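S.K.: got a predicted structure plus its sequence, pasted below:
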Amino acid sequence: MAKHAGVSVATVSRILSGSYPSAPATRSKVMRAVRELDYVANAHARGLAGARPKSVAIVVNSVVSPHYAHVAQGAQDQAAREGRLCIVGTTGGDAERELAMVRLLREEHAEAVILVGNMPIDDAYRERMADYARALAVAGSRLVLCGRPALGEEVPAIVVEYDNTGGAHAITSHLLSAGHRRILFLGRRAGYTTPESRIAGYRAALAAHRVPHDPGLEIDSVVMDRRDGYRTMRERLEAGPRDFTAVFAGNDLMAAGARAALRERGLRVPDDVSLAGFDDLPSADDLDLTTVHVPHEELGRTAVRLALDTDTAGTAGTSRHVMLGTHIVVRDSVRPLPHV
C-alpha cells in the first residue's frame, strides 16, 4: 500500500494508527490507496506489534432480550469510562458456541471476557470453562461470570451475581402473605442455573409458610420468553379446571405472555388471577406488574470495574465474588384473597 501511495511504510503506519500528524496531501494519498486496495488492518499482526487497542468483551445469549441488553449497556458504559472498547458477542444459548467465543476472545487478547446469564449445570462444561479461565489468567486477562455462579474455589474468575434465590423467595412470600396457597410457577428449566435458583427460592418460601409443595404447579419452559409464557399458560388453562389463584412467572417476559393467555380466557389480572414476575424490565411498569428488581446495568458496570481494577481484584487470576441485592417492586397485579 505504501508503494501504491508513493510514500514510506512508516508514513502509512503512522497515518493509519493516528499516532503522528501528517500533511493533508500525504494523508489524502494514503487514504485513497486504502480505498483502492480495499485494505483492512490485520488484528493479529497489530497484536504481535504491540499496537492492539485495549478492549473488554461481553458475551450474552441475545441482544434482543431486554435483560441481556441492559447488562450489556452497563458494561459498555463502564468500558467507555475506563477508556476501553467493548466487544459484544451472542451465543443463542449454545454452550459450545460460548466456549468457542471465549477461545476466540483469548486469542484476540481481550483484557476481560464477561459471560452473562444462564450456564448449564454440567460437569464437562464447567471443566472446559475452568480451563479457559486459567488460560485467560496466564495471558493476563480475566474471566468474569456475570449473573451466574462460580466454577469452583480454585478457578481464577471474578463472579458478579444477583440474589436470584432470595428474590424468588421474597416474591413468593409476597403472594403467600396475600393469602394465595395455590401458586403456579411458570419457568422451570432443569439443568440451568438461573431457573434452578428461582425455583429453589419458590420452594423455600412455600416451606417457610408451611404450604405443601405440589410439583404439579411447576411448569417447564423452553426458552423463557413471551411466547413461551403465552404457550405454557394457554396449555395449562386448556388442560382442565383452573387450580391456582396466582402465577409466579420466571421472568417478566413470561409474565407478559401469561397475561395475554389469561386475557384470552376472560380472566383478569389481578381480579381473577394474581400475577408476579422477575427482572423489573421497563415493560413491567407498563403492565403494572409486581416483580423482582434486578440491577441489570449495575451488573455490567460492576463486572467491567472489577475486571479492570487491579487494586481491588488483585493480580490476573485472582478470584472474587460479589453478590448484588434484589428487591420486590409492588404494583397492582396481586390481589389479596379474602380471609376464609
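M.R.: Nice, I can see it.

S.K.: switch to C-alpha atoms for all contacts and neighbour counts from now on
M.R.: Will do.

S.K.: could you pull out the strands for this protein?
M.R.: Along the chain, counting by DSSP state E, strands occupy 55-60, 85-90, 112-116, 142-146, 157-162, 183-188, 218-220, 246-249, 274-276, 291-293, 320-324, 327-329.

S.K.: let's have these in TSV, adding mean neighbour count.
M.R.: Shown next, in TSV, are the strands of the chain (neighbours: other Cα atoms under 10 Å):
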stretch	mean neighbour count
strand 55-60	24
strand 85-90	18
strand 112-116	27
strand 142-146	28
strand 157-162	25
strand 183-188	24
strand 218-220	17
strand 246-249	28
strand 274-276	29
strand 291-293	25
strand 320-324	15
strand 327-329	19
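
S.K.: as CSV, those with mean pLDDT and distance to Gly266 would be great.
M.R.: CSV is the format used below for those (pLDDT from 0 to 100; distance: least, Cα to Cα, whole Å):
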stretch, mean pLDDT, distance to Gly266
strand 55-60, 92, 37
strand 85-90, 91, 39
strand 112-116, 93, 38
strand 142-146, 93, 40
strand 157-162, 93, 36
strand 183-188, 95, 18
strand 218-220, 94, 21
strand 246-249, 98, 15
strand 274-276, 98, 14
strand 291-293, 98, 23
strand 320-324, 91, 39
strand 327-329, 97, 26
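
S.K.: got the ones you listed as CSV, with distance to Asp123 columns?
M.R.: Compiled in CSV, those are given as follows (distance: least, Cα to Cα, whole Å):
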stretch, distance to Asp123
strand 55-60, 21
strand 85-90, 23
strand 112-116, 17
strand 142-146, 16
strand 157-162, 17
strand 183-188, 20
strand 218-220, 23
strand 246-249, 28
strand 274-276, 33
strand 291-293, 30
strand 320-324, 21
strand 327-329, 32
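
S.K.: figure out which of those strands is closest to Ala208.
M.R.: Taking Cα to Cα, strand 183-188 is the member of the strands of the chain nearest to Ala208, at 14.5 Å.

S.K.: chain center to that closest one, what's the gap?
M.R.: Mean-position distance between strand 183-188 and its chain equals 21 Å (Cα atoms, centre = their mean, to the nearest Å).

S.K.: which parts of the stretch 1-150 of the chain are helices?
M.R.: Assigned helices in the stretch 1-150 of the chain, in chain order: 2-5, 9-17, 24-37, 43-48, 66-81, 95-107, 123-138 (criterion: DSSP state H, counting those that start in this stretch).

S.K.: and Arg301, how far is that from Leu324?
M.R.: 12 Å (Cα to Cα, to the nearest Å).

S.K.: oh, I was asking about Val63
M.R.: Distance of Val63 to Leu324, computed by Cα to Cα: 22 Å.

S.K.: contacting residues for Asp163?
M.R.: Shown in contact with Asp163 (Cα atoms under 8 Å, 6 or more residues apart in numbering): 323-326.

S.K.: ditto for Tyr132
M.R.: By Cα under 8 Å, 6+ apart, the contact list for Tyr132 reads 102-103.

S.K.: pretty sure Ala261 contacts Arg234?
M.R.: Yes: assessed by Cα atoms under 8 Å, Ala261 is found in contact with Arg234 at 5.4 Å.

S.K.: these two - which one has more neighbours?
M.R.: Neighbour totals were compared for Ala261 and Arg234, and Ala261 leads with 22 against 19 (other Cα atoms under 10 Å).

S.K.: who touches the more buried one in this structure?
M.R.: Ala261 neighbours (Cα under 8 Å, 6+ apart): 230-231, 233-234.

S.K.: swap in 10 Å and give it another go.
M.R.: By Cα atoms under 10 Å, 6 or more residues apart in numbering, the residues touching Ala261 are 227, 229-237, 255, 267.

S.K.: cool, Ile158 as well?
M.R.: Contacts for Ile158 were tallied using Cα under 10 Å, 6+ apart; they are 114, 133, 142-146, 149-151, 303, 306-307, 313, 317-322.

S.K.: just the helices in the stretch 151-300 of the chain please.
M.R.: 164-177, 193-208, 226-238, 252-264, 282-286, 296-308.

S.K.: all good on my end, thank you.
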